[in-house]
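Chemist: Provided below for reference: sequence and predicted model.
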Amino acid sequence: MANARISGLGAYVPEKVYDNAYMESIVDTSDEWIIRRTGIEKRHISADDEYTTDMGTKAAEAALKDAGISAEEIDMIIFATVTPDYFTPSCACVVQGRIGAKNAMAIDYNAACSSFVVGLIMAQQFISSGAYKNVLVISADALSKATDYKDRATCVLFGDAAGAAVVTATDEPGIISFDMGADGTGAGSITSLAFRNDTEELEKRIGGKKETIWMAGQAVMKFAVKAMADSSQRALDKAGLTYDDIALVVPHQANYRIVDSAIKRMGISEDKVILTIQKYGNTSASCIPVALCEAVETGKVKKGDKIVLVGFGGGLTYAACVLQM
Ligand code: UT7
């Protein structure tokens with residue numbers, strides 16, 4: 001059985017910025033409220049003609065470059081998004097064609113903000129079974145295109161970004177353990193409508209557009225803190241490790257208060273955690289790879305370090321993994 005490790009990482013964040021002053025100009029909010037309640041100072045927004053696959057392609061190309069392999073060496077592309085360009089073709093197929101990964105099967109999947117961690121776990125399963133050698137995991141979301149800019153409770157939170165990882169078969173340690181799960185009884189806590197004619201859901205949307213994201217913020221917060229702390233602990237237990245063995249925890253960046261409460265529950269200090277929420281807001285499943293890229297680039301994480309990635313999101317879903325860089 002081969003191990004699976006991250007051999008390359010890539011991230012992409014669009015240029016345009018909506019800072020808190022801009023949010024103050026479009027909804028009844030304030031810089032003070034947004035920072036105190038969320039920790040967010042600004043968010044990056046895709047151009048009008050820039051979509052999820054465009055951002056995903058850029059992150060994928062950066063990850064391939066970092067891994068030092070060609071697109072033709074990729075056996076499978078798994079792409080996570082809640083804001084696809086199309087229902088069909090999948091974003092994964094669009095990217096496969098663009099980058100020339102002609103030997104790769106390509107599919108989309110959706111575990112909302114937990115998706116990047118889930119994707120690493122799925123990649124590991126295909127690799128450790130011996131089926132594949134290189135799997136490209138991509139998370140990208142143009143959340144701004146699914147945001148109700150009349151709803152102050154959600155529009156101040158979201159931004160756009162993409163992240164990608166090449167996961168490769170190796171004899172070295174890589175993904176050591178994982179934990180993941182779902183609680184479908186909380187399905188109504190974060191919603192965005194597709195074909196279902198759900199008038200109750202539609203009425204919640206101030207801007208009226210069915211694709212926009214609606215959220216029961218308090219309920220999600222409550223779920224998130226416990227789910228992240230518990231899932232992370234179960235992954236550590238499976239690895240036979242404690243937080244003392246861990247160089248860095250990379251949590252989903254939905255709200256500074258969620259991260260702060262989760263790390264208190266984990267019993268770790270903030271210097272063991274990377275925070276990017278202030279710069280990018282919540283970029284769905286891209287939060288974790290974008291933060292991980294930054295941790296590598298700034299030397300917060302070095303080769304050989306053991307780290308924890310942990311996310312939660314719509315579904316409701318959660319996932320954590322322990323890995324050695
Ligand atoms: O990626 C996973 C999905 N998302 C999340 O994880 C988000 C989880 N939830 C949250 O981050 C928080 O619940 C929010 C940031 C969304 C809201 O913070 P909160 O502390 O839960 O506030 P709240 O919903 O209890 O609202 C408190 C007050 C309300 O006013 P009243 O009823 O007390 O008069 C809201 O109307 O704050 C008001 N409010 C705002 N005020 C100024 C809500 N949004 C805003 C705003 N600016 N942007």
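Modeler: Okay, I see it.

Chemist: near the ligand at all, stretch 242-262?
Modeler: Yes. Applying CB under 6 Å from any ligand atom, one finds stretch 242-262 touching the ligand at 254-255, 258. The C-beta positions use only the backbone N, C-alpha and C, and glycine is treated the same way.

Chemist: so which of those is the most crowded?
Modeler: Per-residue neighbour counts (other CB atoms under 10 Å) across those peak at residue 254, which has 29 neighbours.

Chemist: what stretches of the stretch 201-325 of the chain score poorly on pLDDT?
Modeler: The stretch 201-325 of the chain contains no residues with pLDDT under 70.

Chemist: So the residue of the chain found nearest the ligand versus residue 33, what's the distance?
Modeler: The ligand sits closest to residue 217 of the chain, with a gap of 2.6 Å, by CB to the nearest ligand atom. For residue 217, the distance to residue 33 equals 13 Å [CB to CB, to the nearest Å].

Chemist: Could you do residue 261 as well?
Modeler: Here residue 261 is placed at a distance of 19 Å from residue 33 (CB to CB).

Chemist: Next: residue 167.
Modeler: When distance is defined by CB to CB, residue 167 is 40 Å away from residue 33.

Chemist: of those two, who's got more company?
Modeler: Between residue 167 and residue 33, counting by other CB under 10 Å, residue 167 is the more crowded of the two (31 against 15).

Chemist: So which residues of this structure form strands?
Modeler: 3-12, 16-19, 42-45, 76-80, 105-109, 134-142, 160-170, 175-182, 190-191, 214-215, 248-251, 306-313, 317-324 (DSSP state E).

Chemist: Report all helices and strands that the fifth one contacts.
Modeler: For strand 105-109, the helices and strands in contact under the criterion 3 or more CB pairs under 8 Å, 6 or more residues apart in numbering; DSSP states H and E are strand 76-80, helix 91-99, helix 115-128.

Chemist: Kindly compare burial across those and name the winner.
Modeler: strand 76-80 (a mean of 27; mean count of other CB atoms under 10 Å).

Chemist: report the angle between the axes of that one and strand 105-109?
Modeler: Angle, strand 76-80 to strand 105-109, by axes from the mean of the first three to the mean of the last three CA atoms, to 10 degrees: 20 degrees.

Chemist: tell me the angle of strand 76-80 relative to strand 160-170?
Modeler: Calculated by the same axes, to 10 degrees, strand 76-80 forms an angle of 150 degrees with strand 160-170.

Chemist: Just confirm yes or no for strand 76-80 near the ligand.
Modeler: No. Using CB under 6 Å from any ligand atom, we find that strand 76-80 stays clear of the ligand, coming within 13.0 Å at best.

Chemist: Sheet partners, orientation included, of that strand?
Modeler: strand 105-109 (parallel), strand 134-142 (parallel) (DSSP bridges).
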